[in-house]
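>>> Generate coordinates for the sequence data below:
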Amino acid sequence: MLKEETNEDSNAGPKRLRSSIGGDVFDFQKHCLFCHDITPCILPNEHDPKVPQQYRVPASRVTTDKMGDGETYKQYLLDLCEKRGDELGRIVRNRIIGAPSDLHAADAKYHRSCNANFHRDAYRTTMIDSKGSADDQAFAETVHVLGCDRSKVWNSLDVEAVYVDKGGSVMSRRVLVENVIQHFAENMLALHSPGVATLLVFRKHVATNLRLVDDDQNGEMDECIR
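Predicted coordinates:
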């Protein structure tokens with residue numbers, strides 16, 4: 001999709017965009033499209049021969065204007081900026097929108113490492129969002145299962161098993177149980193004891209499932225199982 005440009009620069013004038021940060025001017029022919037800051041971007045054929053190879057940052061020029069599905073490369077990058085939803089996405093988006101034409105015609109340059117990072121982080125954000133949405137669904141189905149069987153005394157292991165069966169994977173058992181308790185609020189009673197799985201009981205069915213007594217040894221009212 002992106003290839004290194006080895007030919008001499010076009011004779012066309014530079015395409016410039018005033019940066020929203022400070023008074024620097026972004027120039028597609030001189031700067032990296034994907035760098036957070038306005039940073040010089042030098043192609044292999046533009047380097048001073050005296051500059052050692054280890055000090056040369058690999059760079060290329062945008063040489064495509066359309067993706068395989070017909071979408072413009074410009075729109076493709078704008079979609080990635082939207083997926084990122086961060087400051088770098090906003091900066092790159094402003095640069096792209098300021099291009100007078102497609103990025104190929106604008107002779108846009110980029111550091112290869114910056115290009116890779118920009119794309120990788122965008123897809124990582126998409127995967128996280130997707131994973132989060134799937135986990136939200138798994139939690140919703142878990143509390144639905146519990147709510148449909150309110151007469152049962154649930155323990156934390158049972159709840160976790162339902163959550164995993166529904167495709168959940170993000171929340172730990174402790175966090176899951178805390179969220180379940182918060183979800184049902186005053187309708188649920190949680191019973192904790194060291195070394196024993198937490199028991200979850202719907203208050204409406206407490207009388208038929210448990211006998212609650214005062215624990216006078218602690219000098220305060222505790223809910224205990226006897």
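
>>> how about the residue nearest to residue 205 when sequence neighbours are not counted, phi and psi?
Setting aside the residues directly before and after it, residue 205 is nearest to residue 151 in space (C-beta to C-beta, 6 or more residues apart in numbering), at 4.9 Å. Quick note: C-beta positions are derived from backbone N, CA and C, even for glycine. Here is the backbone geometry of residue 151 (degrees, to the nearest 10): phi -80, psi -10.

>>> Just give the number of residues close to residue 151.
10 (other C-beta atoms under 10 Å).

>>> Residue 45 now?
11.

>>> State whether it is indeed within a strand.
No: counting by DSSP: H, G, I helix; E, B strand; the rest coil, one finds residue 45 to be helix, located in no strand.

>>> Can you read off the pLDDT for it?
On pLDDT, residue 45 comes in at 88.

>>> and what of residue 184?
For residue 184, the model assigns a pLDDT of 86.

>>> cool, residue 114 as well?
88.

>>> That one belongs to a strand, doesn't it?
No: read with three-state DSSP, residue 114 is helix and lies in no strand.

>>> With adjacent residues omitted, what lies nearest to it?
Residue 114's closest residue in space is residue 34 (C-beta to C-beta, 6+ apart), at 3.9 Å.

>>> show me where this structure has strands.
16-18, 25-27, 59-61, 109-111, 154-155, 188-193, 196-202 (DSSP state E).

>>> tell me what the fourth one is packed against?
Based on contacts counted as 3 or more C-beta pairs under 8 Å, 6 or more residues apart in numbering; DSSP states H and E, the elements that strand 109-111 packs against are strand 59-61.

>>> strand partners of the strand it packs on, parallel vs antiparallel please.
Sheet pairing here is set by DSSP bridges, and for strand 59-61 it gives strand 109-111 (antiparallel).

>>> mean confidence score for the partner strand?
Strand 109-111 comes out at a mean pLDDT of 92.

>>> hang on, the residue nearest to residue 205 packs against residue 203?
No: here residue 151 lies out of contact with residue 203, judged by C-beta atoms under 8 Å, at a distance of 11.9 Å.

>>> Fine, thanks again, bye for now.
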